[in-house]
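K.L.:
Kindly return the folded structure for what I paste below:
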Amino acid sequence: MGNIGNLIKETRNKKALSQEELAELANVNLRTIQRIENNESNPRNKTISLIFDALELNWTDIETTKEQPNKNYLILATILCVIIIISSFSGWFSFVATTGSSALRGQTLTTTGWEGSLSIGFFKLYNWLISLCALSIGTLVILMLLDIVKTRFAFLIGQIIIITLYLIFYIFLSLDIDSLSLKHGLFLMIASTIGLILLFRRIKKTT
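P.N.:
Next up is the predicted model:
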């Protein structure tokens, strides 16, 4: 219903009509116009038809305004997913090895999104798990935009918690290990995942 409210408001402004004038032309209550434009109600088709007649709109205009944002969102979600895929094969963090074989000790090692892990005590989070969590968020957003699935934010909570724990692990370890250094791959993955979550919230508000 958000698309209808936005469409009515934009068209009313283009025609230089006040809410009071539109209410009078459409023969509906002023409060009804205000609630529709603020996306606070689900008006009946008869009410929408009266307003549309007053603004010289038709139902195909709704589909046009709905398809364009969805198309833009789909493009953005796809770009963010591609960035996550590319960043998963890039360096995530580097460190100077202090354990392992004598050949590796003292050398600077760099992990990617598919190898390596962060651990604190008995708890370990693998990089590949973080990559899969980020990709699953992107996949769910794209599937929702394609109307294949109806996703709720609760479906993303598990992935978000795992990624958040990973970041906490990294911050905690970086304070203890001077040689631990962030690489662009992990930064891009986190930034893209945050972008997908914000995009998801934006989509839910407009549907």
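
K.L.:
now the strands for this structure?
P.N.:
91-96, 108-112, 117-120, 123-126, 181-182 (DSSP state E).

K.L.:
Quick check: which ranges of this protein have low pLDDT?
P.N.:
Scanning the chain for pLDDT under 70 picks out the ranges 1-3, 59-69, 100-101, 151, 205-207.

K.L.:
sorry, back to before: and among the strands of the chain, the most buried is which?
P.N.:
Of all the strands of the chain, strand 91-96 has the most neighbours on average by mean count of other CB atoms under 10 Å, namely a mean of 19. For the C-beta atoms, the positions are set from N, CA and C on the backbone; glycine is no exception.

K.L.:
ok, that one: who's next to it in the sheet?
P.N.:
Within its sheet, and counting by DSSP bridges, strand 91-96 is paired with strand 108-112 (antiparallel), strand 181-182 (antiparallel).

K.L.:
Sketch out the helices for this protein, chain order is fine.
P.N.:
Applying DSSP state H to the chain gives helices spanning 2-14, 19-26, 30-37, 45-55, 59-88, 127-145, 157-176, 184-205.

K.L.:
ok and the third one relative to helix 2-14, angle-wise?
P.N.:
Helix 30-37 runs at 120 degrees relative to helix 2-14, counting by axes from the mean of the first three to the mean of the last three CA atoms, to 10 degrees.

K.L.:
Could you tell me how many residues sit around the closest residue to residue 149 other than its chain neighbours?
P.N.:
Using CB to CB, 6 or more residues apart in numbering and skipping residues adjacent in sequence, the residue nearest residue 149 is residue 143, 4.6 Å away. Neighbourhood size, residue 143 [other CB atoms under 10 Å]: 14.

K.L.:
So residue 143 versus residue 97, what's the distance?
P.N.:
Per CB to CB, to the nearest Å, residue 143 is found 41 Å from residue 97.

K.L.:
now swap in residue 161 and tell me
P.N.:
30 Å.

K.L.:
of the two, who's got more company?
P.N.:
A side-by-side neighbour count of residue 161 and residue 97, using other CB under 10 Å, places residue 97 first with 14 against 11.

K.L.:
got the contact list for the more buried one?
P.N.:
Contact partners of residue 97, counting by CB atoms under 8 Å, 6 or more residues apart in numbering, are 104, 105, 106, 107, 108, 109.

K.L.:
Any chance of the strands paired with strand 91-96 in CSV with distance to residue 13 as columns?
P.N.:
Formatted as CSV, these follow (distance: least, CB to CB, whole Å):
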stretch, distance to residue 13
strand 108-112, 50
strand 181-182, 46
